[in-house]
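>>> Sequence unavailable; structure follows:
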């Protein structure tokens, strides 16, 4: 039998002390961290960027196949991705949890191991949070704080006509990882004796269970002296994110299907499921890549980076948003991304 310590034996403050016992401060900007009524942060003349996310069991994650350590890691990463999407560097997070009595201290500790692993990887400090009982399930709220030189933050609404539209990494893999996990869960529920067959698809499963945020791209852009004209992260599918930039910048777009970066494993698994890889990239979500626009003058600089793909260009608003298919047809770009309210 695994050891099981009820949370009630520690009490709320005892639990927080236990879960935060090994924190090491990494950021000079963290003046007061966990253990007081509030954290104190001094960004030494930089501007502060703040983003927050709520993750709810049964809506955003399923503990039938998501290990708690991975969930802790992912909860941090999805928030850091939003800070990078503002062209900023994340420096601190707060983490709040509400959980039912089915979670012993050991389970929460495992979750926090993932949280600390992400903090270490990205050089951020956990400076606060809260814990509460919940009637059922697990609820996670993370706030990420970052810093940026004055006026260097990048919004969604500042793209210009003629700008090149770029995306990092590859798309659609996280959605197919989720599709495979859901299939195996269904099989398991129908026949509990059957071992899950994940077909050694480590890439797409990793993209779903343990995504990474694009710190490397923000560092590359800074090194090259490039400031994107607009930027956001790809969490709800490429098409809906492109349409956000179009709407908020009051522009149209031409997207080239053949330019959308898709991993070979994503293509293979999509075919096996009878899905179109392009549809998975356009509508899948949870890729946590960066979508940004650049002035044409910066094009030569980004060709140095194999993790950045130019996928289209921005046009007059009156021309609308279109995708040009491999077959040469032009279709209106529609948002069929993941919607948190359609359950």
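That came in fine, so what should we check first? Just so it is clear, the model here is predicted, and its values are computed rather than measured. Numbers count the residues shown, from 1 in each chain.
>>> Can you report how many residues lie near residue 133?
11 (other Cβ atoms under 10 Å). Backbone N, C-alpha and C define where each C-beta goes, glycine included.
>>> Look up which residues are beta-bridged to it.
residue 99 (DSSP bridges).
>>> again with the one 5 residues further on
For residue 138, the beta-bridge assignment (DSSP bridges) gives partners residue 99.
>>> who's in contact with the closest residue to residue 211 other than its chain neighbours?
Nearest residue to residue 211, sequence neighbours excluded (Cβ to Cβ, 6 or more residues apart in numbering): residue 288, at 4.8 Å. Listed by Cβ atoms under 8 Å, 6 or more residues apart in numbering, the contact set of residue 288 reads 77-78, 81, 174, 211-214, 233-235.
>>> from those residues, which is closest to residue 116?
Checking those against residue 116 by Cβ to Cβ gives residue 77 as the nearest, at 12.8 Å.
>>> Tell me, what's the model's pLDDT at that closest one?
At residue 77, the predicted lDDT confidence score is 98.
>>> do you know how far it is from residue 86?
Separation of residue 77 from residue 86 (Cβ to Cβ, to the nearest Å) stands at 16 Å.
>>> again, but for residue 18
As judged by Cβ to Cβ, residue 18 and residue 86 stand 34 Å apart.
>>> With residue 162 instead?
With Cβ to Cβ as the criterion, residue 162 and residue 86 are 23 Å apart.
>>> quick revisit: take the contacts of residue 288 and keep only those in strands.
Judged by DSSP state E, the contacts of residue 288 include 233-234 as members of strands.
>>> Just list the residues touching the closest residue to residue 157 other than its chain neighbours, thanks.
Leaving aside its chain neighbours, residue 157 sits nearest to residue 248 (3.9 Å; criterion: Cβ to Cβ, 6+ apart). Residue 248 sits next to 155-157, 230 when contact means Cβ under 8 Å, 6+ apart.
>>> in what helix or strand does residue 216 lie?
Per DSSP states H and E, residue 216 falls inside helix 215-223.
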